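Engineer: Here is my input; please provide its structure:
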Amino acid sequence: MTDGNEPGVRIGDVSHSTFAIGSQARAESHHGAAQQRDPAAEELLAAVRVLRADLTRVRADERTAQLDAALADTESEIARTGTVGQGRLQRLRQLLTDSEALVSLIASAGAVAGLLGM
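Structural biologist: The predicted structure is shown next:
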């Protein structure tokens, strides 16, 4: 109960606001502009999707399965974050180098390799 001497608290419109109340409170804001997507990563994402579709047309073996798994991880990372890490790019480069015959056979593999600077 208040004794009438305490100031009143009034909270107006709180849309697009971040605030916390209390000694243990923590405020975290997720407002603002959407994260910018890397155009090079978007181009790679499109090429990765085409290559994954093309891989379904060749006889699968251990190397194509590894490549498809790495491509799926790359696709997921770019879709989620808008960019791709250097470690993942290096892994793709290595898998495409190991699958050189595939790269020369499937044009989409050559496109991904080109985007990776190979």
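Engineer: Now do the phi/psi pair for residue 100.
Structural biologist: phi -60, psi -40 (degrees, to the nearest 10).
Engineer: Residue 95 now?
Structural biologist: Phi and psi for residue 95, reported as degrees, to the nearest 10, are phi -70, psi -40.
Engineer: Would you check that it makes contact with residue 64?
Structural biologist: No - with contact defined as C-beta atoms under 8 Å, residue 95 does not reach residue 64; the gap is 9.5 Å. Yep, even glycine has a C-beta here, placed from its N, CA and C like the rest.
Engineer: Look at residue 52 and report its pLDDT.
Structural biologist: Residue-level confidence at residue 52 comes out at 95, pLDDT.
Engineer: Now the phi/psi pair for it, please.
Structural biologist: According to degrees, to the nearest 10, residue 52 has phi -60, psi -40.
Engineer: Grab the nearest non-local neighbour of it.
Structural biologist: Spatial nearest neighbour of residue 52, chain neighbours left out: residue 71 (5.1 Å); criterion: C-beta to C-beta, 6 or more residues apart in numbering.
Engineer: picking up where we left off before, which one's more surrounded, residue 95 and residue 64?
Structural biologist: Set residue 95 next to residue 64 and count neighbours by other C-beta atoms under 10 Å: residue 95 wins out with 19 against 16.
Engineer: show me the contacts for the residue nearest to the more buried one when sequence neighbours are not counted.
Structural biologist: Excluding the flanking residues, the one nearest residue 95 by C-beta to C-beta, 6+ apart is residue 67, at 4.7 Å. Contact partners of residue 67, counting by C-beta atoms under 8 Å, 6 or more residues apart in numbering, are 55, 95, 96, 99, 102.
Engineer: State the helix or strand in which residue 67 lies.
Structural biologist: helix 62-81 (DSSP states H and E).
Engineer: tell me the mean pLDDT over that helix?
Structural biologist: Helix 62-81 comes out at a mean pLDDT of 94.
Engineer: In CSV, list the C-alpha atoms belonging to it.
Structural biologist: Extracted C-alpha coordinates of helix 62-81, given in CSV (Å, rounded to 0.1, in the frame of the first residue of the first chain):
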residue,chain,number,x,y,z
GLU,A,62,31.4,-41.4,-50.8
ARG,A,63,32.9,-38.3,-52.4
THR,A,64,29.5,-37.0,-53.8
ALA,A,65,27.9,-37.7,-50.4
GLN,A,66,30.6,-35.7,-48.6
LEU,A,67,30.2,-32.9,-51.1
ASP,A,68,26.4,-32.9,-50.8
ALA,A,69,26.7,-32.7,-47.0
ALA,A,70,29.1,-29.8,-47.2
LEU,A,71,26.9,-28.1,-49.7
ALA,A,72,23.9,-28.6,-47.4
ASP,A,73,25.8,-27.1,-44.5
THR,A,74,26.8,-24.1,-46.6
GLU,A,75,23.3,-23.6,-47.9
SER,A,76,22.0,-23.7,-44.3
GLU,A,77,24.7,-21.2,-43.0
ILE,A,78,24.1,-18.7,-45.8
ALA,A,79,20.3,-18.9,-45.4
ARG,A,80,20.6,-18.5,-41.7
THR,A,81,23.3,-15.8,-41.4
